[in-house]
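S.K.: Coordinates for the following, if possible.
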Amino acid sequence: MPADTVVEPPQSALTGVARVLVHAGTLTQKAAEEISKAARDRRTSFVASALGTGAVKPAELAHVLARALALPLVDLHAVDLARAPRNILDAKLSQQYQVVVLGRRGSRLFIGAADPTSQEAAERIKFATQLTPEWIVVEHDKLQKLIDTTTASAGQVLDTIIGEDFDFEASEAPEETESFDVATEVEDAPVVRFLQKMLIDALNMRASDLHFEPYEQSYRVRFRVDGELREITQPPLAIKDKLASRIKVISRLDISEKRVPQDGRMKLKFGNRSVDFRVSTLPTLFGEKIVIRILDPSSAKLGVDALGYEKIEKERLMRAIVRPYGMILVTGPTGSGKTVSLYTCLNILNQPGVNISTVEDPAEINLPGINQVNVNDRSGLTFSAALKSFLRQDPDIIMVGEIRDLETADIALKAAQTGHMVLSTLHTNDAPTTLTRLMNMGVAPFNIAASVLLITAQRLARRLCDVCKQPAVVPDEALLKAGFQPSELDGSWKPYRAVGCTACNNGYKGRVGLYQVMPITEEIQRIILSQGTALDIADQARREGVRDLRASGLIKVRAGVTTLEEVITVTNE
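M.R.: Numbers count the residues shown, from 1 in each chain. Next comes the predicted model:
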């Protein structure tokens, strides 16, 4: 035999999962050999080939492997994957070897896999993470679905968009920086990839904000998803300065200034899609905390129905916004969706024959056909200065991002009295207290009564996942205490509870608005002119059929849109 001849091992020499299944009596030797040959021909794994032919079921395979190899068996549907460590294992490795990280303890990394016999996978994971992999058996079909929808998604999206179709753009004119070397240094490939991955992951998870937070011994990244902050990863502490500089460069901020807060914007473009981000930096004890808010222009085009207005509330709002002049106020705390509500109204009013101007701090959503102005206090462009200029620009509709002081309130109210429709926001708890807040600011009651047409207060409650929500058993006493009337407890409906599945966030997916829409009627105008209290206004509004925020939330509970616990939490004032 020539010395250079290679002798191939016989095909009957089974290894890994094939050998385990034969020894367990699940497959015959011949069946295992045929599946192994088919797997080699198709260049796929033995597990995928065996499951594809129906020779073994995913649950049966997992039980056999766990018993034969003395490994723990876990049902992925029972695991809270939101608590699993993220960004430890590269998405490509997870996809290539069909594995998912389930946990970490010290130097041990717990890996879920349908094939725990792969030595190559173990070595690659150990080399990539510098941690010792500990195998946990999971069912292949559940693992495949998880990898396709979560672990691999960010990596696949990045693979398709990084290149000519992927770019960061600044939304404002660049500012000169003192050091070119610093700007060059932050073009560090790992930092760039990490930031891109965080942004893409945030978009995939429908997050509204990204928080990059430095501490003395750690650095963490959190996303706000459906109003709830979730820790995503803890990158190395050494990355904080380079990451901050990278974000500043693409946001056109001063990278040499680390002592004062800065605000900027950036735009992420890939393919035909473009997403805007608002960037805010804040010096803290151990570095700069950076918050990136995702500004979704499509949210302004959802329509009033998608926001969650009930029929009567929608009719009141629509009647008010089509009036030729007057003021409409949207109130609520930060993050309650006031901007989206205002832009939804503006989008309805945005017609070729209408002149619309807005002044904001800053403009969050870009709508074609609307003249938008950013406040710039350093240059003297305040809300009041912009409003004075607007009145010389022949506007039909004016939107003021927020009424913060008496001067702005006076100009806005007088504009509403002189033939302009004015929309604005205030930070108050409900509609009645908005009127007393204006009086406390020093606005004359006559101006308020003559100008304000309608006030809508709002909150955002988490929406139940339609896939996994289940009926809940709630005592009648609890329902009555929450605000339901005895006549409503007739058994024709039942509340639901959050369960949680792979398609949602702990039983919730998305958010829905709770609204208190209060038109300013003649009776309420009389109370304002007599300088009545917020309680007097609230009593009159209730007599006129205006629902408060709790009553609006209970309607959503009865419809199965959200949970009673969520409504109580959001409206507990």
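S.K.: Skipping its backbone neighbours, what lies nearest the most centrally placed residue in the chain in space?
M.R.: Nearest residue to the geometric centre of the chain (C-alpha atoms, centre = their mean): Ala207, 1.9 Å. Using C-beta to C-beta, 6 or more residues apart in numbering and skipping the chain neighbours, the partner closest in space to Ala207 is Phe223 (4.0 Å). Placement of C-beta: from N, CA and C, glycine included.
S.K.: pretty sure that neighbour contacts Thr233?
M.R.: No - here Phe223 does not reach Thr233: they are 9.8 Å apart, not a contact under C-beta atoms under 8 Å.
S.K.: okay, these two: which has more neighbours?
M.R.: Using other C-beta atoms under 10 Å, the more surrounded residue of Phe223 and Thr233 is Phe223, with 22 against 17.
S.K.: Where does the more buried one sit: helix, strand or coil?
M.R.: strand (DSSP: H, G, I helix; E, B strand; the rest coil).
S.K.: doesn't Pro116 make contact with Trp135?
M.R.: Yes - using C-beta under 8 Å, Trp135 is in contact with Pro116, at 3.7 Å.
S.K.: show me what contacts the residue nearest to Ala207?
M.R.: Asp201, Ala202, Met205, Ala207, Asp209, Leu210, His211, Leu229, Arg230, Ile232 (C-beta atoms under 8 Å, 6 or more residues apart in numbering).
S.K.: swap in Ser118?
M.R.: Taking C-beta under 8 Å, 6+ apart, one finds Gly16, Tyr97 in contact with Ser118.
S.K.: after the strand or helix carrying Val422 comes which helix or strand?
M.R.: Element membership for Val422, per DSSP states H and E: strand 421-426. Sequence-wise, the next helix or strand downstream of strand 421-426 (DSSP H and E) is helix 431-441.
S.K.: quick one: buried residues of that next one?
M.R.: Ala431, Pro432, Thr433, Thr434, Leu435, Thr436, Arg437, Leu438, Met439, Met441 (16 or more other C-beta atoms under 10 Å).
S.K.: And stretch 489-508, by the same measure?
M.R.: Pro495, Tyr496, Arg497, Ala498, Gly500, Cys504, Asn505, Asn506, Gly507, Tyr508.
S.K.: Surely the second one touches Lys469?
M.R.: Think Tyr496. Yes - between Tyr496 and Lys469 a contact is recorded at 4.5 Å, counting by C-beta under 8 Å.
S.K.: Identify the contacts common to these two.
M.R.: Shared contacts of Tyr496 and Lys469, counting by C-beta under 8 Å, 6+ apart, come down to Gly560.
S.K.: can you map out the strands along the stretch 101-250 of the chain?
M.R.: Secondary structure of the stretch 101-250 of the chain by DSSP state E, counting those that start in this stretch: the strands cover 108-113, 132-137, 166-170, 207-214, 219-225, 228-233.
S.K.: If you average the pLDDT over the longest one, what comes out?
M.R.: Regarding strand 207-214, the rounded mean pLDDT is 93.
S.K.: for stretch 335-344, same thing?
M.R.: Rounded mean pLDDT across stretch 335-344 is 86.
S.K.: got it, and stretch 463-472?
M.R.: pLDDT averaged over stretch 463-472 gives 89.
S.K.: what residues do Phe223 and Thr233 have in common as contacts?
M.R.: Joint contacts of Phe223 and Thr233 (C-beta under 8 Å, 6+ apart) do not exist.
S.K.: Mind naming the longest helix for this structure?
M.R.: Across the chain, the longest stretch assigned as helix under DSSP state H is helix 189-204.
S.K.: where in the stretch 251-400 of the chain is pLDDT low?
M.R.: Residues of the stretch 251-400 of the chain meeting the criterion pLDDT under 70: 270-273, 297-303.
S.K.: ranges for the strands of the stretch 401-550 of the chain?
M.R.: 421-426, 452-464, 470-471, 496-497, 508-519.
S.K.: and Lys30, which of the ones you listed is closest to it?
M.R.: strand 470-471 (46.7 Å; C-beta to C-beta).
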